[in-house]
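Trainee: sequence unavailable; structure follows:
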């Protein structure tokens, strides 16, 4: 699930991780930068981010398809 503030990702192990989104988070789909709204529920993504304490922040989200 994705909205303007968070991205929830279910890993292959079934565990769900929630990433905070910031104005600096970049989104890529089909090799091009896109707006967050182009990332759809059920799309497969790779998230590159940071973790400080219990807060995970997405720096880059790459949509790899369905």
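Mentor: That came through fine. From a predicted model like this one, the values you see are computed outputs, not experimental measurements.

Trainee: got a list of contacts for stretch 47-63?
Mentor: Residues from elsewhere that reach stretch 47-63, judged by C-beta atoms under 8 Å, 6 or more residues apart in numbering: 7, 9, 17-22, 24-30, 34, 38-39, 43-46. C-beta coordinates here come from the backbone N, C-alpha and C atoms, glycine included.

Trainee: recalculate using a threshold of 7 Å.
Mentor: With C-beta atoms under 7 Å, 6 or more residues apart in numbering as the test, stretch 47-63 has contacts from 7, 9, 17-22, 25-29, 39, 43, 45-46.

Trainee: and stretch 17-28, by the same measure?
Mentor: Residues from elsewhere that reach stretch 17-28 (C-beta under 7 Å, 6+ apart): 4-9, 11, 33-36, 38-39, 47, 49, 55-63.

Trainee: in the strand ranked longest in the chain, what counts as buried?
Mentor: The residue-count maximum for a strand in the chain (DSSP state E) belongs to strand 55-65. Within strand 55-65, the residues scored as buried using 16 or more other C-beta atoms under 10 Å are 56, 58, 61, 63.

Trainee: beta partners of the residue lying closest to the second one once chain neighbours are set aside?
Mentor: Distances taken as C-beta to C-beta, 6 or more residues apart in numbering put residue 19 closest to residue 58, at 3.9 Å, once the chain neighbours are dropped. Taking DSSP bridges, one finds residue 7, residue 56 as the beta-bridge partners of residue 19.

Trainee: for residue 29, same thing?
Mentor: residue 32, residue 63.

Trainee: surely it and residue 40 touch.
Mentor: No. If you go by C-beta atoms under 7 Å, residue 29 and residue 40 don't touch, sitting 9.4 Å apart.
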